[in-house]
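> let me see the structure of the following:
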Amino acid sequence: MLASQRNGTLYIGVTSDLIKRVWEHKQDLVEGFTKKYGVHDLAWFEQHADMLTAIAGEKTLKEWKRAWKLELIEKMNPEWKDLYAGLV
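Presented below is the predicted three-dimensional model:
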């Protein structure tokens, strides 16, 4: 889950290469929502054994209420640090 800032605009996506995909968003190489709204900080992520479960997890999260998503981020990342730096 990417965020524009603490409690800001959120983006949920799935990828097989998290480091590369977040970098692409940070560089505004991905046209669309994240570029338009400046959503560049990796606020939360989870890993899955395979793409099918990852996609199912993404679909589930997209159906969640915003408050639930914020709570999920707060549990893993209460300071809303950009987690990307810890991956590279």
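
> show me where this structure has its strands.
Per DSSP state E, the chain carries strands over the ranges 2-3, 10-11, 41-42.

> tell me the mean pLDDT over the last one?
For strand 41-42, mean pLDDT is 98.

> any idea how far it is from the middle of the chain?
6 Å (Cα atoms, centre = their mean, to the nearest Å).

> in its sheet, what does it sit against?
According to DSSP bridges, strand 41-42 forms sheet pairs with strand 2-3 (antiparallel).

> ok, residues contacting the partner strand?
9-11, 13, 22, 25, 34, 39-43, 73, 80 (Cβ atoms under 8 Å, 6 or more residues apart in numbering). From N, CA and C alone the C-beta is placed, and that goes for glycine too.

> ok, stretch 48-62 next?
1, 12-14, 16, 46, 69, 72.

> ok so, going back, wait, which of the strands of the chain is closest to Glu63?
Comparison of the strands of the chain against Glu63 by Cβ to Cβ identifies strand 10-11 as nearest, at 13.4 Å.

> and the helices in the protein?
18-26, 33-37, 51-63, 66-76 (DSSP state H).

> what does the last one contact?
The set of residues that contact helix 66-76 without belonging to it, under Cβ under 8 Å, 6+ apart, is 1, 3, 7, 10, 12, 43-44, 61, 64, 80.

> any chance of a markdown table for those residues, columns neighbour count and distance to Ala54?
Output for the contacts of helix 66-76, formatted as a markdown table (neighbours: other Cβ atoms under 10 Å; distance: Cβ to Cβ, whole Å):
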| residue | neighbour count | distance to Ala54 |
| --- | --- | --- |
| Met1 | 22 | 13 |
| Ala3 | 23 | 19 |
| Asn7 | 12 | 25 |
| Leu10 | 18 | 18 |
| Ile12 | 15 | 11 |
| Ala43 | 26 | 17 |
| Trp44 | 20 | 14 |
| Leu61 | 18 | 11 |
| Trp64 | 13 | 16 |
| Trp80 | 17 | 23 |
